[in-house]
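Asker: this one's structure only:
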Ligand code: NAD
């Protein structure tokens, strides 16, 4: 993996005096074999001002083909692929030891796994895996890069959270809990880190059309869920699953769109603590903000899912079409 001077030399600037102010920032991203991580790595590596040296990491290097193909000429120039399992201390240490000086300017905690289904039918091991990856995986990486960032008095930690880090969603209890954990952890840490000129940003996408939810919904639609009573199974299969598919179909974003938002956040001189990515999801997210007691959100979600299913589908299509927003907020 090239250091900063090597990076510049390899781009055909051998005689250019290296000014650390305009040296590319090293960005380490977890979970780049697919989805948002892959898109983000590619967009940063193709930055026309070459402001970034991307270390695009993944657990299984056997899956690097798609990333390398998308990176094209940036591969080996502004983008390097490295192995990193966020659940392993050794893997994190090994990955950082390959970066010159271990210096990471921007860390993007993107790796994550989902878990959907009736609680009674999910194993504790599966739940622990969600926390090990989504929460402790991010904590492990931050602990590894933080001493260097503190020493240099600069850095940016980006966390791919979710709107489910702000509000719970039925049959996603454990996944939402892992994202709530991230929100609490990083909001707390942000206060201390401002003293070190280190910024934290929690990026909160709504539904994103990636392998993540696609595979998950496919798997759970045929899964058995032992120990789950017939009523709960009926609510899950006949109410939740169709509504979830409609949600993704109507307001789902592309990973490219989400990556674009993250690129903007990374290039901002004063990055925000929170950044939602999907304006079409905002009306759903707003329910909680409007009523801090939480009753409005819980009761409305309950009614929309179990009583007003047709209204829910109509509303989602309306949000997708965008005409409502234009009428409410005319230009
Ligand atoms: P994805 O499945 O394409 O990407 C997740 C990546 O994490 C995969 O490449 C996977 O291999 C990797 N990963 C899983 N466990 C890992 C481990 N132990 N070590 C290293 N990498 C590991 O799905 P995505 O939608 O691009 O998800 C990226 C992030 O976005 C996740 O944190 C997810 O929670 C979040 N998110 C997704 C959605 C959505 O609807 N897809 C919505 C909001 C937030």
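Answerer: Here it is on my side, so go on. Keep in mind it's a predicted model, so treat the numbers as computed, not measured. Numbers count the residues shown, from 1 in each chain.
Asker: What parts of this structure come near the ligand?
Answerer: The chain comes close to the ligand at residues 30-31, 33-37, 58-59, 84-87, 110-113, 133, 137, 160, 162, 205, 207-208, 210-213, 255, as judged by Cβ under 6 Å from any ligand atom. Every C-beta, even on glycine, is put in place using the N, C-alpha and C of the backbone.
Asker: Just the buried subset of those, written out for ChimeraX, thanks.
Answerer: With 16 or more other Cβ atoms under 10 Å as the burial test, the buried ones among the residues of the chain next to the ligand are selected in ChimeraX as follows:
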select :30,31,33,34,35,36,37,58,59,84,85,86,110,111,112,113,133,137,160,162,205,207,208,210,212,213,255
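Asker: Which ones among the residues of the chain next to the ligand lie within strands?
Answerer: 58, 160 (DSSP state E).
Asker: Where do the helices of the stretch 51-200 of the chain begin and end?
Answerer: 65-71, 89-97, 124-130, 137-152, 173-194 (DSSP state H, counting those that start in this stretch).
Asker: who touches the residue in the stretch 151-300 of the chain that the ligand sits nearest to in this structure?
Answerer: The nearest approach of the stretch 151-300 of the chain to the ligand comes at residue 212, 3.1 Å away (Cβ to the nearest ligand atom). Neighbour list for residue 212: 35, 112, 114 [criterion: Cβ atoms under 8 Å, 6 or more residues apart in numbering].
Asker: how near is it to residue 93?
Answerer: Using Cβ to Cβ, to the nearest Å, we find residue 212 at a distance of 27 Å from residue 93.
Asker: if we can go back for a sec, what is the nearest of the contacts of residue 212 to residue 71?
Answerer: residue 35 (15.1 Å; Cβ to Cβ).
Asker: Phi first, then psi, for the closest residue to that closest one other than its chain neighbours.
Answerer: Excluding its sequence neighbours, the residue lying closest to residue 35 (Cβ to Cβ, 6 or more residues apart in numbering) is residue 210, at 3.6 Å. Dihedral angles of residue 210 (phi, psi; degrees, to the nearest 10) stand at phi -130, psi -180.
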